[in-house]
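A.B. asks: Sequence first, then the predicted structure, then my questions.
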Amino acid sequence: MPIEDLPHFQTPDFGNLVDPLRPILSCSWTTTHAMRVAAHAHPRAHIIVPAQGACWVVAAGHRWLVPVGQAVWIESNVYHEVSCRAPVSAKMLFIDASCTVRLPHSCQVVTLNQLF
């Protein structure tokens with residue numbers, strides 16, 4: 001099934017909250033079927049961390065398959081799209097732009113250490 005035909009999935013809209021007094025917001029989500037979060041951008045950077053399954057992330061001209069044990073960093077105001085072809089549980093951290101100065105300035109996949 002083409003990605004455009006996958007059912008749309010709505011995640012919490014924490015990415016658009018601009019509030020340096022709340023530097024990091026988190027949420028988790030689970031889907032029992034294939035899904036797609038349409039291309040969007042927001043002022044908060046964020047990290048997507050699959051806890052079960054894997055998801056595809058398209059951002060900044062790249063496409064990554066992100067499995068358990070890895071995460072993807074998406075910087076502020078970068079258009080990105082997320083999809084999965086099977087059930088997925090994931091966690092997301094949304095980081096206020098005022099706190100990202102020392103964090104990467106490009107989207108990338110990162111390996112998680114055991115403390116996360």
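C.D. replies: Perfect, thanks for sending it. Numbering: from 1, shown residues only.
A.B. asks: Below-threshold pLDDT in the chain: ranges please.
C.D. replies: Of all residues in the chain, those with pLDDT under 70 make up the ranges 1-14, 114-116.
A.B. asks: partner residues bridging the residue nearest to the spatial centre of it?
C.D. replies: For the chain, the residue lying nearest the average C-alpha position, counting by C-alpha atoms, centre = their mean, turns out to be residue 48 (3.5 Å). Beta-bridge pairing of residue 48, defined through DSSP bridges, involves residue 72, residue 92.
A.B. asks: Could you check how far it is from residue 59?
C.D. replies: Between residue 48 and residue 59 the distance, using C-beta to C-beta, to the nearest Å, works out to 10 Å. In short, each C-beta sits where N, CA and C put it, glycine included.
A.B. asks: what touches both of the two?
C.D. replies: 72, 74 (C-beta atoms under 8 Å, 6 or more residues apart in numbering).
A.B. asks: Just give me the neighbour total for residue 110.
C.D. replies: Around residue 110 sit 14 other residues, with neighbours defined as other C-beta atoms under 10 Å.
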